[in-house]
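[1] Let me see the structure of the following:
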Amino acid sequence: MKIKLFLFIIIMIISQNINAQIAIPQVLGNDMVLQQNTNVSLWGKAPAESTVKITSSWGETATATADKNGQWQTKIKTPYGSYAPQELTFSDGKSTTTLKNILIGEVWFASGQSNMEMPLNGFIGCPVKDANYFIATSNKYKKAIRIATVEKTQSYTPQDDVNVSWKECNAYNSAWFSAVAYHFAVLLTEALDVPVGVLNCSWGGSKVESWLPEKVLKGYSDVKLSTKEIENTSEYLRPMVMFNAMLNPVKKYTTRGFIWYQGESNVGMHTTYSARLAKMVELYRSYQENENIPFFEVEIAPYSYGDVNGLAGAYLREAQHKAISLIPNSGIVGTNDLVEPYEVENIHPKDKTTVGQRLSYLALNKTYGYQYIGCTGPVLRSINTKEDKLIVSFSNAEDGFSREKDITGFEIAGADGVFYPAEAYVFSENQTIILSSAKVAVPKYARYCFRNFLLGNTTGSRGLPIVPFRTDNF
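    Coordinates of the predicted model:
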């Protein structure tokens, strides 16, 4: 009996010593990229009321005091970015942890559903364009790009940690990097000449409600949060649980901005989408303690949604653009010219290279001050009727369009609201497009790529597509 008691005491002492060690969340790990030239957040656990000291290889130090629950948080100043590996050491006087091979550069947070999650390797039956080439050549970015992918998991309550680790860019790791995030990072590191890190927190099929916390979702009458109702919902459509298990543990990781590719699972719910997306961005900015952090999203790509001529997908794209008008310091990239006709039933179009690059154009122009880099395609400015034609004028088209005829994607209607494909040609003297149809004697309304699956083929001079629009409201 005495031996058992002795062993029990020893086990308890060992357990207490283990629990008393300093602990750091997995997102703060070896090979990570820290945002340059700012004060980055560091946090973790340590013995209650102990002092944690952080020292860096670049000469800065920081301290934090753990509260009665052992939680601590602090910030440390980072230098300008470089390709030189750095280290961080955490100590509470009894235990020490050192993180190695850290790079200082630009860090972005990526999230959304399957088109953001989709790796360079592709999905079964859904390849990524030129994947083999990009995987084979990714070794050249070993010292410049790191990507961390949060493990897909769910929880009914907010979690403090999640399985995630930063990976160096090489031919093995890159196959499993988000293709959009990879191409975004490649162009940024080439343009800025600093390391780039992307923290990817995505789940295929997730709704915007999946990435919102309980306190917000309680205000939405159409969202059911009881355990039974959540469990009766398809795993990938569940509200709240992805926020709790995946986003909450990494929300404090200091980033420069946010890229987002999501919306397909909210098709049919466009009336609520804009406000909820804006609320999500507001929350993320509060976690970052930066109310103006950049937010750049991707239009959902053309897809049949059961009816190629249906409008549900078009309404959601319209809601995405409305969200951008609600969110300061934001932008959106177009996709209507990036899908092949045979991809009508493929919700994962293969061209992720251009999507990632267009996101980087937004970042370079709006965040890094490269104002000579185009980031927005032609946008409807005005429309006028002249006899049997509509004259459509655009902003962001000062240098003209990519073609003058054989233009696809436009439709026009008369007062009856029945739309027909329009013949379109560019009147180059004032950068307008002239629309007409033999079936519409007196045209009144125009639309561009305003169907579930209607492809555009016209861009501005910088290769960015005309933004989808409609001039009717029915």
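[2] Which helix or strand contains R276?
    Using DSSP states H and E, the element containing R276 is helix 270-287.
[3] Please point out which parts of that helix sit buried.
    Across helix 270-287, burial judged by 16 or more other C-beta atoms under 10 Å covers 270, 273-274, 276-281, 283-285, 287. C-beta: built from backbone N, CA, C; applies to glycine.
[4] Over to stretch 122-141?
    In stretch 122-141, counting by 16+ other C-beta under 10 Å, buried: 122, 128-129, 131, 134-135, 138, 141.
[5] Measure how the top strand by length along the chain sits relative to helix 270-287, angle-wise.
    Of all the elements of type strand in the chain, the one with the most residues (DSSP state E) is strand 96-112. Interaxial angle of strand 96-112 relative to helix 270-287 (axes from the mean of the first three to the mean of the last three C-alpha atoms, to 10 degrees): 160 degrees.
[6] Okay, now the sheet partners of strand 96-112, with direction.
    Sheet pairing of strand 96-112 (DSSP bridges) gives strand 33-35 (parallel), strand 82-91 (antiparallel), strand 196-202 (parallel), strand 257-261 (parallel).
[7] quick one, which of those strands is nearest to Y236?
    Across the strands paired with strand 96-112, Y236 has its closest neighbour in strand 196-202 (11.0 Å, C-beta to C-beta).
[8] With just CA atoms, put the closest one into PDB.
    Extracted in PDB, the C-alpha atoms of strand 196-202 (Å, rounded to 0.1, in the frame of the first residue of the first chain):
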ATOM      1  CA  VAL A 196       6.300  35.400 -47.800                       C
ATOM      2  CA  GLY A 197       4.300  33.200 -45.500                       C
ATOM      3  CA  VAL A 198       0.600  32.200 -45.900                       C
ATOM      4  CA  LEU A 199      -1.400  30.700 -43.000                       C
ATOM      5  CA  ASN A 200      -4.200  28.700 -44.700                       C
ATOM      6  CA  CYS A 201      -7.400  28.000 -42.700                       C
ATOM      7  CA  SER A 202      -9.900  26.500 -45.200                       C
END
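[9] roughly how far is that strand from the heart of the chain?
    Put simply, strand 196-202 sits 9 Å off its chain's centre (C-alpha atoms, centre = their mean, to the nearest Å).
[10] Show me the contact partners of it.
    Strand 196-202 has contacts (C-beta atoms under 8 Å, 6 or more residues apart in numbering) with 27, 32-34, 103, 105-114, 116-117, 144-150, 164, 166, 177-178, 181-182, 184-185, 188-189, 246-247, 250, 253, 255, 261.
[11] Now do it, average pLDDT.
    Throughout strand 196-202, pLDDT has a mean value of 98.
[12] ditto for stretch 365-378
    Throughout stretch 365-378, pLDDT has a mean value of 97.
[13] Could you give the separation between the terminal residues of that stretch?
    16 Å (C-alpha to C-alpha, to the nearest Å).
[14] Show me what counts as buried in that stretch.
    Residues of stretch 365-378 classed as buried by neighbour count (16+ other C-beta under 10 Å): 365-368, 373-378.
[15] need the residues you listed in a markdown table with distance to T157 and secondary structure, can you?
    Below are the buried residues of stretch 365-378 laid out as a markdown table (distance: C-beta to C-beta, whole Å; DSSP: H, G, I helix; E, B strand; the rest coil):
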| residue | distance to T157 | secondary structure |
| --- | --- | --- |
| N365 | 40 | helix |
| K366 | 37 | helix |
| T367 | 35 | helix |
| Y368 | 38 | coil |
| I373 | 44 | coil |
| G374 | 45 | coil |
| C375 | 40 | coil |
| T376 | 41 | coil |
| G377 | 43 | coil |
| P378 | 47 | coil |
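[16] any idea which of the residues you listed is the one closest to Q21?
    Closest approach to Q21 among the buried residues of stretch 365-378 (C-beta to C-beta): T367, at 38.9 Å.
[17] quick one: contacts for V267?
    300, 305, 312-313, 315-316.
[18] Of these, grab the buried ones for PyMOL.
    To isolate the buried ones among the contacts of V267 in PyMOL, judged by 16+ other C-beta under 10 Å, type:
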select buried, resi 300+305+313+315+316
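[19] Can you tell me which of the contacts of V267 lies closest to K218?
    Taking the contacts of V267 together and measuring to K218 by C-beta to C-beta, the closest member is L316, at 24.2 Å.
[20] I'd like the distance between the closest one and S265.
    10 Å (C-beta to C-beta, to the nearest Å).
[21] Please determine how far S50 is located from M246.
    29 Å.
[22] How about P341?
    Per C-beta to C-beta, P341 is found 36 Å from M246.
[23] Repeat that for E60.
    Here the criterion is C-beta to C-beta. By it, E60 lies 30 Å from M246.
[24] and what of I102?
    The gap separating I102 from M246 is 23 Å, by C-beta to C-beta.
[25] before we move on, what about E229?
    The gap separating E229 from M246 is 20 Å, by C-beta to C-beta.
[26] quick one: the helices in this protein?
    2-19, 114-117, 131-136, 179-192, 214-217, 227-231, 241-242, 270-287, 312-326, 353-362 (DSSP state H).
[27] any chance of those helices in TSV, plus mean pLDDT and distance to C201?
    Converted to TSV, the helices of the chain look like this (pLDDT from 0 to 100; distance: least, C-beta to C-beta, whole Å):
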stretch	mean pLDDT	distance to C201
helix 2-19	45	28
helix 114-117	98	9
helix 131-136	98	22
helix 179-192	98	11
helix 214-217	98	17
helix 227-231	96	19
helix 241-242	98	8
helix 270-287	98	11
helix 312-326	98	19
helix 353-362	98	16
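[28] I'd like the ones you listed laid out as TSV, including distance to E387.
    Below are the helices of the chain laid out as TSV (distance: least, C-beta to C-beta, whole Å):
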stretch	distance to E387
helix 2-19	81
helix 114-117	43
helix 131-136	51
helix 179-192	45
helix 214-217	52
helix 227-231	57
helix 241-242	54
helix 270-287	35
helix 312-326	28
helix 353-362	37
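[29] These: which one's closest to T74?
    Checking the helices of the chain against T74 by C-beta to C-beta gives helix 270-287 as the closest, at 16.1 Å.
[30] Give me the contact list for that closest one.
    Here helix 270-287 makes contact (C-beta under 8 Å, 6+ apart) with 109, 208-209, 211-213, 216, 220, 222, 251-252, 258, 260, 263, 266, 291-293, 295, 297, 312, 315-316, 318-320, 322-323, 326-327, 330.
[31] So how do I select the buried members of these in PyMOL?
    Of these, the buried ones go into a single PyMOL selection, burial set by 16+ other C-beta under 10 Å:
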select buried, resi 109+208+209+211+212+213+216+220+251+252+258+260+263+266+293+295+297+315+316+318+319+320+322+323+327+330
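[32] pretty sure F184 is touching S360, no?
    Yes. Using C-beta atoms under 8 Å, F184 is in contact with S360, at 5.1 Å.
[33] which residues in the stretch 301-450 of the chain form strands?
    For the stretch 301-450 of the chain, the strands defined by DSSP state E, counting those that start in this stretch occupy 330-333, 379-386, 389-395, 410-413, 419-421, 423-427, 432-436, 445-448.
[34] what sits against A415?
    Contacts for A415 (C-beta under 8 Å, 6+ apart) come out as 442, 444.
[35] Make 58 the first number, not 1, from now on.
    Sounds good: first residue 58 from here, last item A472.
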